[in-house]
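# predicted coordinates and the sequence they were generated for:
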Amino acid sequence: MLNEKMISLLPFETERLIIKPTSIDDIELILKMDKQEDTQRYLGGIKNKTREERIAFLEKKNSKFKDGHAGSLTVYLKDGTPIGFTGLSIDEDNNNASISYIFDSDYTGKGYASEACRKLLSIGFDELGLNKIYADVISDNNRSKVLLERLGFTLEGVRREAAYIKNTNEYKDFLDYGLLKKEYKK
Ligand SMILES: CC(C)(COP(=O)(O)OP(=O)(O)OC[C@H]1O[C@@H](n2cnc3c(N)ncnc32)[C@H](O)[C@@H]1OP(=O)(O)O)[C@@H](O)C(=O)NCCC(=O)NCCS
């Protein structure tokens, strides 16, 4: 029900952005972002995927919408330039969702991630009536922590050494952040 409602509200529009289901139209963006060290640092490192592998990945992402699941969304500037991916992964049984975001490093530091996430929070709380939106972050991903704190999330706990960083052979803590409907301010 909540997934279907979210899909029915797409595309989302903000002052500077349009947010639509991810599709194979986003192939150049994903191939570009796969190679950005800054973008991939906390997501397992640079990805050496072929164009064919990424097309299959994007097709799979898009097919989720056809199955009634609100999957990955692509964030576009109003001139049609794709700049990143975001999404709310809804847990209908518990009436909550996790939020995700990853932006092309050419378009960070401009408030676009905050603007896209604010829209998802408004959809989640105001339109879907979710009770909670949450995210987890590797402890030294400062930009992601700052973003969540800017959005009003609370640090709820630490999962010690829950993340294994392959390229540096290290364990890092995962930080759990959450925002409740009763705490949410537009
Ligand atoms: C996490 C991530 C999305 C954060 O992006 P970001 O660029 O820091 O966030 P925003 O787009 O909201 O930009 C915020 C910055 O833009 C500035 N800004 C400039 N113009 C602005 C505007 N018009 N409105 C709001 N902020 C603006 C803000 O002051 C802020 O600067 P600061 O970081 O120096 O304080 C990005 O770093 C990323 O994609 N990282 C890689 C993927 C990743 O780690 N994802 C999370 C996994 S948990």
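The structure has been received and is ready for your questions.

# what about the closest residue to the ligand within the chain, distance to residue 14?
Proximity to the ligand, evaluated over the chain using CB to the nearest ligand atom, is greatest for residue 111 at 2.3 Å. Yep, even glycine has a C-beta here, placed from its N, CA and C like the rest. Distance from residue 111 to residue 14, counting by CB to CB, to the nearest Å: 10 Å.

# okay, the two: which has more neighbours?
residue 14 (15 against 12; other CB atoms under 10 Å).

# list phi and psi for the more buried one.
Backbone torsions of residue 14, given as degrees, to the nearest 10, read phi -130, psi -170.

# buried set for the helix or strand containing residue 119?
Using DSSP states H and E, residue 119 sits in helix 112-122. By neighbour count on 16 or more other CB atoms under 10 Å, the buried set for helix 112-122 is 112-113, 116-121.

# mind checking the SS state of residue 156?
Following DSSP: H, G, I helix; E, B strand; the rest coil, we place residue 156 in the strand state.

# same question, residue 140
Relying on three-state DSSP, one would call residue 140 coil.

# what helices or strands is the worst-scoring helix or strand of the chain on mean pLDDT leaning on?
Between all helices and strands in the chain, the lowest mean by mean pLDDT, DSSP states H and E belongs to helix 37-40, at a mean of 93. In terms of contacts (3 or more CB pairs under 8 Å, 6 or more residues apart in numbering; DSSP states H and E), helix 37-40 is packed against helix 27-34.

# ok, the residue lying closest to residue 24 once chain neighbours are set aside - contacts?
In space, and not counting its chain neighbours, residue 24 is closest to residue 58: 4.8 Å by CB to CB, 6 or more residues apart in numbering. Residues counted as contacts of residue 58 (CB atoms under 8 Å, 6 or more residues apart in numbering) are 22-24, 26-27, 30.

# just the pLDDT for residue 58.
Looking at residue 58, its pLDDT is 97.

# could you do residue 145 as well?
Residue 145 carries a pLDDT value of 98.
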